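A.B. asks: sequence first, then the predicted structure, then my questions.
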Amino acid sequence: MSAFINELPKVELHLHIEGTLEPEMVFALARRNGITLDYADESALRAAYDFQDLQSFLDVYYQGMQVLLTEQDFFDMTWAYLSRAHGERVRHTEIFFDPQAHTDRGVPLAAVVGGIHRALEQARQQWGMSSRLIMSFLRHLSEEAAFEILHHAEPFRHKLAGIGLDSSEKGNPPAKFARVYAAAREQGFRLVAHAGEEGPARNIRDALDLLQVERIDHGVAAVQDGKLMQRLARERIPLTVCPLSNLKLKVVDTMAGHPMLTLLRAGLCVTVNSDDPAYFGGYMNANYQALQDGLGATDGELLQMALNSVEACWLSPEEKAVLVRDVRAHGEAFGVKH
Ligand SMILES: Nc1ncnc2[nH]cnc12
Ligand SMILES: [Zn+2]
């Protein structure tokens, strides 16, 4: 691991907290909750992490999270991620969770939000690590179900910064959620959506125009549409790109074929993120390192992407200024210009 990457102050903007469940924790929580898993042990579960596409991953991901039942389970999962992120110099993190995947199993939303939020608060007090929580609608479920969870979340509104849209992109375009996004916008939520991961560039344009999102999660399909790239660059719409995820889910065939640097050099606000690190083989450092080793990104380009993440995050201008200063100082300490 390069010292430059290891010590770089980082901001993470695309992280599914349920995607941080390492096999060891899946088994520990299963034992604690008296749940029998379909896999004999941790290594058998890890062997199942051989994905052909997004759907084959999602099937394993939704199965893995069934061990989460209590507020303490959600706290423990979140605390394990935050400890790891803190060790990788993540200073601020914006975290997705999938409420419907839990409430549909009978887990109270209070346990989900309460456990995650308690861990975020402890990280803030203990390390000064800041965070935001983003509630995602599952796009393979109905518009009606999204409205239901939005309504159900009202008592927790003060703990939620934004709304996201994830799960199976194919066959579930942004238009399906235009009305519920409009309702969320009226309630003051900030808005993001997964688009252009496995789906076409058109989904990115529709997420901007129909859902009025301010950031696109993934968005790598933009590279197929020059006009859209120009718009994203002109409007400085951030893309929260996840290199190791794209490789594991076969969005790209090789890291050398990843469009990250094409997008960066075209002036887009691209950022580096880990998505579901327990499943995709690496947290933030590993994603930065993969861009360097597999794609040939320079330290200067990595520094620019780290600064983009600060620009794209939801901290106040004053808090961002502190992070910008620290990222720039890190570059200067290593003699790196961006
Ligand atoms: N990469 C991804 N794409 C869509 N939905 C997800 N849910 C968790 N990870 C996801
Ligand atoms: Zn994602």
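C.D. replies: Cool, got the structure. Numbers count the residues shown, from 1 in each chain. Ligands and ions are numbered 1, 2, ... in the order given.
A.B. asks: partner strands of the one helix or strand H92 maps to, with direction?
C.D. replies: When elements are assigned from DSSP states H and E, H92 belongs to strand 90-97. In the sheet, strand 90-97 lines up against strand 10-16 (parallel), strand 130-138 (parallel) (DSSP bridges).
A.B. asks: ok, which of those comes nearest ligand 1?
C.D. replies: strand 10-16 (4.2 Å; Cβ to the nearest ligand atom). In this view, the C-beta of every residue, glycine as well, is placed from N, C-alpha and C.
A.B. asks: who touches the closest one?
C.D. replies: Strand 10-16 is contacted from outside by 61, 81, 85, 88-98, 136, 166, 215, 217-218, 238, 240-242, 271, 273-277, 284, 288, 306, 309-310, 312-313, 323, using Cβ atoms under 8 Å, 6 or more residues apart in numbering.
A.B. asks: what element comes up after the strand holding H92 heading to the C-terminus?
C.D. replies: helix 100-103.
A.B. asks: which elements pack onto that next one?
C.D. replies: When contacts are defined as 3 or more Cβ pairs under 8 Å, 6 or more residues apart in numbering; DSSP states H and E, helix 100-103 packs onto helix 109-127, strand 130-138, helix 143-152.
A.B. asks: mind saving the C-alpha coords of stretch 199-217 as PDB?
C.D. replies: What follows is stretch 199-217 as a C-alpha-only set of coordinates in PDB (Å, rounded to 0.1, in the frame of the first residue of the first chain):
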ATOM      1  CA  GLY A 199     -28.100   0.700 -17.000                       C
ATOM      2  CA  PRO A 200     -27.700   3.200 -19.900                       C
ATOM      3  CA  ALA A 201     -26.500   6.800 -19.900                       C
ATOM      4  CA  ARG A 202     -30.200   7.700 -20.400                       C
ATOM      5  CA  ASN A 203     -30.800   6.700 -16.700                       C
ATOM      6  CA  ILE A 204     -28.300   9.400 -15.600                       C
ATOM      7  CA  ARG A 205     -30.100  12.100 -17.600                       C
ATOM      8  CA  ASP A 206     -33.500  10.900 -16.300                       C
ATOM      9  CA  ALA A 207     -32.200  10.900 -12.700                       C
ATOM     10  CA  LEU A 208     -31.100  14.500 -13.100                       C
ATOM     11  CA  ASP A 209     -34.200  15.700 -15.000                       C
ATOM     12  CA  LEU A 210     -37.000  13.500 -13.500                       C
ATOM     13  CA  LEU A 211     -35.700  13.000 -10.000                       C
ATOM     14  CA  GLN A 212     -33.700  16.200  -9.700                       C
ATOM     15  CA  VAL A 213     -30.800  14.500  -7.900                       C
ATOM     16  CA  GLU A 214     -27.700  16.500  -7.000                       C
ATOM     17  CA  ARG A 215     -25.300  13.500  -7.300                       C
ATOM     18  CA  ILE A 216     -25.200  10.400  -9.400                       C
ATOM     19  CA  ASP A 217     -24.100   7.100  -7.700                       C
END
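A.B. asks: buried ones in that stretch?
C.D. replies: For stretch 199-217, a neighbour-count test (16 or more other Cβ atoms under 10 Å) marks 199-208, 210-211, 213-217 as buried.
A.B. asks: just to be sure, A193 is in a helix?
C.D. replies: No: with DSSP: H, G, I helix; E, B strand; the rest coil as the criterion, A193 is located in strand rather than a helix.
A.B. asks: contacting residues for it?
C.D. replies: By Cβ under 8 Å, 6+ apart, the neighbours of A193 are 164-165, 174, 177, 181, 207, 211, 213, 216-217.
A.B. asks: ditto for F177
C.D. replies: Neighbour list for F177: 137, 139, 143, 146, 165, 193, 211 [criterion: Cβ under 8 Å, 6+ apart].
A.B. asks: what is the most widely separated pair among those residues?
C.D. replies: Comparing all pairs in the contacts of F177 by Cβ to Cβ, the longest separation belongs to E143 and A193, at 14.0 Å.
A.B. asks: and this protein, which of its residues are near ligand 1?
C.D. replies: 16, 19, 54, 61, 166-167, 194, 197, 245, 275-276 (Cβ under 6 Å from any ligand atom).
A.B. asks: much appreciated, bye for now.
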